[in-house]
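*Asks:* I would like the atomic coordinates for the input below:
(chains A and B)
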Amino acid sequence: MRPGIAPPDLVLLVARAKAGERWAFDELVRATYADVYALAFRLTSDVDDACDVVQDSYLRAYRSLRSFRGDAAFTTWMYRITANCAATLLVRRSRARHEPLDEDSVLADQRADNDPEAMAGVSLERDRVSLALQALPARLRAVVVLRDLYDLPHAAIADELGISETAAKVRLHRARRKLRERLYPTRAERVDEEPARAM
Amino acid sequence: MRCDEVADLLPQIMDGPETADRRVVRHVEGCLRCQAEMVQYRRLLKVLHQLRAQGAAPPPGLVGAILSSLEEAGQRGAIRSVLTGRRVSYVGGLALAVGAAGVAGVVLVNRGRASRIGLAG
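*Replies:* Prediction:
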């Protein structure tokens, strides 16, 4: 860190970086990359994919820094870029693997280690929610992460994921419902599940 | 409205009661079953919000990799701008030379005419 610049002064660093001072952009990276990585990992559920997304995001941010007007915080701008890069990567991956994009399918990850109910006895509630989130289909996970963890507005989420605002809201509500049913089932839902498990 | 109809709309109410249909809000206010479900949604949203602070730690070496790729991109950009700058100066020099030659030509032609008129007079 250069002398005279306090670590959290992102606004000043952005101004310096926009003026062409490379060291200022490097400092922005150092100050924000852990948070950006956490978002990328939430969106991709894979360490290597998350690293690729983070690198792409900073490259894109570096190239388009002049277009950053500063209406939102630098971190919010980075979250939007990260969401966009992650969405691009996930679409490319799903095309390559010919994975179905059915949002109504059951939670994708059925491994016993990642089964929130199996882990209930040993894990904290946050861990259970985190695992259930990872097990959501990627398209549903993206909206719930961007909205309920990172507070991005519906319009921004829709923009970055390349979908309409209505579609973003529909996906969000579907994702929340799936998580609620999985983590906090009502008595009726538990009764419905029992015969299925017995089979 | 029935509870099963309202159940589909409960996740939407979590964005704020003003975003939901008035009839849904009225039903929830008078229905213990739907209120219990709402409590679970609130609990879910609270935990989701807490998850942000519990982010995965980046692998060691990631920041170095990001800075290297930026460095590389910066160098590529610098080379491109140098090449673009050279191209601009070549084109500028050429244009200047052509312009100067044109002016010199006009001057020479005018001088020739003037001397011919002087001899004739």
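*Asks:* so where do the helices sit in chain A?
*Replies:* Counting by DSSP state H, the segments of chain A that form helices are A:10-18, A:22-44, A:47-63, A:74-97, A:116-119, A:125-135, A:138-144, A:154-161, A:165-183, A:187-198.
*Asks:* for chain B, same thing?
*Replies:* Under DSSP H, chain B gives helices at B:3-13, B:22-29, B:32-51, B:62-120.
*Asks:* Could you list the buried residues of the shortest one?
*Replies:* Neighbour counts over helix B:22-29 (16 or more other C-beta atoms under 10 Å in any protein chain shown) mark B:24, B:27-28 as buried. (C-beta placed from N, C-alpha, C; glycine too.)
*Asks:* between those, which is closest to chain A?
*Replies:* Ranked by distance to chain A (C-beta to the nearest C-beta), the buried residues of helix B:22-29 are led by B:Val24 at 12.4 Å.
*Asks:* Could you report the pLDDT at that closest one?
*Replies:* B:Val24 carries a pLDDT value of 86.
*Asks:* Same question for A:Arg111.
*Replies:* We have a pLDDT of 48 for A:Arg111.
*Asks:* Quick check: the residue nearest to A:Asp159 when sequence neighbours are not counted vs chain B, distance?
*Replies:* Nearest residue to A:Asp159, sequence neighbours excluded (C-beta to C-beta, 6 or more residues apart in numbering or on different chains): A:Arg80, at 7.5 Å. A:Arg80 sits 16 Å away from chain B, going by C-beta to the nearest C-beta, to the nearest Å.
*Asks:* give the contact list for A:Arg80.
*Replies:* Taking C-beta atoms under 8 Å, 6 or more residues apart in numbering or on different chains, we find A:Arg80 in contact with A:152, A:156, A:159-160.
*Asks:* what's the answer for B:Gly55, then?
*Replies:* Contact partners of B:Gly55, counting by C-beta under 8 Å, 6+ apart, are A:34-35, A:37-39, A:41-42.
*Asks:* do the same with A:Thr32
*Replies:* Per C-beta under 8 Å, 6+ apart, neighbours of A:Thr32: A:10, A:74-75, A:78.
*Asks:* quick one: it from B:Leu62, how far?
*Replies:* Separation of A:Thr32 from B:Leu62 (C-beta to C-beta, to the nearest Å) stands at 12 Å.
*Asks:* For chain A, what is the nearest residue in chain B?
*Replies:* B:Gly55 (2.6 Å).
*Asks:* and stretch A:27-46, which residues are buried?
*Replies:* By 16+ other C-beta under 10 Å, the buried positions in stretch A:27-46 come out as A:27-29, A:31-33, A:35-46.
*Asks:* One more: stretch A:165-182?
*Replies:* Of all the residues in stretch A:165-182, those buried under the rule 16+ other C-beta under 10 Å are A:168-169, A:171-182.
*Asks:* out of the buried residues of helix B:22-29, who's nearest A:Ala142?
*Replies:* For these, the minimum distance to A:Ala142 (C-beta to C-beta) is 26.2 Å, reached by B:Val24.
*Asks:* if you skip the residues just before and after it, what's nearest to that closest one?
*Replies:* Nearest to B:Val24 is B:Leu9, by C-beta to C-beta, 6+ apart, at 4.9 Å.
*Asks:* center of chain A, which residue is that?
*Replies:* Central residue of chain A (C-alpha atoms, centre = their mean): A:Leu43, 3.5 Å from the mean position.
*Asks:* quick one: that residue and A:Val143 touch, right?
*Replies:* No - assessed by C-beta atoms under 8 Å, A:Leu43 is found out of contact with A:Val143, at 10.2 Å.
*Asks:* Get me the contact residues on chain B for chain A.
*Replies:* Contacts of chain B with chain A, taken as C-beta under 8 Å from any C-beta of the partner chain, map to B:8, B:10-12, B:14, B:33, B:36-37, B:40-41, B:43-45, B:47-52, B:54-59, B:62-63, B:65-67, B:69-70, B:73-74.
*Asks:* Return the members of these classed as buried.
*Replies:* B:10-12, B:14, B:37, B:40-41, B:44-45, B:47-48, B:51-52, B:55-56, B:58, B:62-63, B:66-67, B:70.
*Asks:* related to what we said a few turns ago, can you redo the contacts of B:Gly55 as CSV with distance to chain B and pLDDT?
*Replies:* Formatted as CSV, the contacts of B:Gly55 follow (distance: C-beta to the nearest C-beta, whole Å; pLDDT from 0 to 100):
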residue, distance to chain B, pLDDT
A:Ala34, 5, 95
A:Asp35, 7, 94
A:Tyr37, 4, 96
A:Ala38, 3, 95
A:Leu39, 8, 95
A:Phe41, 4, 94
A:Arg42, 7, 93
